[in-house]
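J.: pasting the structure only:
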């Protein structure tokens, strides 16, 4: 997820605003979704569902997703990596790995 913001100190705020509107426009986001293979970030564009199974799963997931404000990316990345590796290697069940990750991430948020 990426956000677009304008700097208050921008030398050319009108152009910056125009670029922000262009980057968040339905036309641009539809083309970007096609090029990247990812669903668009706008809910109104998720109504134009793909017909392939992979795209359908991605679009359905995009409707259910919630953003996660990462308190410390350099500390949380290893937590997620360890969780995935523990599950895929068979070292932990998904439930156990998830509980461990929740505990570690809870410590970062506090």
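T.: Received, thanks. This structure is a prediction, so every number in the text was calculated from the model and none was measured.

J.: where along the protein do the helices fall?
T.: In the chain, the helices defined using DSSP state H lie at 13-23, 26-36, 53-64, 73-89, 94-109.

J.: Rebuild those helices as JSON lines, extending it with distance to residue 43.
T.: From N, CA and C alone the C-beta is placed, and that goes for glycine too. As requested, the helices of the chain are arranged in JSON lines below (distance: least, C-beta to C-beta, whole Å):
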{"stretch": "helix 13-23", "distance to residue 43": "17"}
{"stretch": "helix 26-36", "distance to residue 43": "11"}
{"stretch": "helix 53-64", "distance to residue 43": "7"}
{"stretch": "helix 73-89", "distance to residue 43": "26"}
{"stretch": "helix 94-109", "distance to residue 43": "27"}
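
J.: can I get the ones you listed in a markdown table with mean neighbour count and distance to residue 47?
T.: Shown next, in a markdown table, are the helices of the chain (neighbours: other C-beta atoms under 10 Å; distance: least, C-beta to C-beta, whole Å):
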| stretch | mean neighbour count | distance to residue 47 |
| --- | --- | --- |
| helix 13-23 | 12 | 21 |
| helix 26-36 | 13 | 11 |
| helix 53-64 | 12 | 9 |
| helix 73-89 | 13 | 31 |
| helix 94-109 | 13 | 32 |
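
J.: Looking at those helices, spot the one closest to residue 4.
T.: Residue 4 lies closest to helix 13-23 among the helices of the chain, at 4.8 Å (C-beta to C-beta).

J.: Just tell me which of the helices of the chain ends up closest to residue 44.
T.: helix 26-36 (7.2 Å).

J.: Show residues contacting the worst-scoring helix or strand of the chain on mean pLDDT.
T.: Least confident helix or strand, the chain: helix 53-64 with a mean of 86, by mean pLDDT, DSSP states H and E. With contact meaning C-beta atoms under 8 Å, 6 or more residues apart in numbering, helix 53-64 is reached by 38, 39, 40, 41, 43, 46, 49, 50.

J.: Noted, bye for now.
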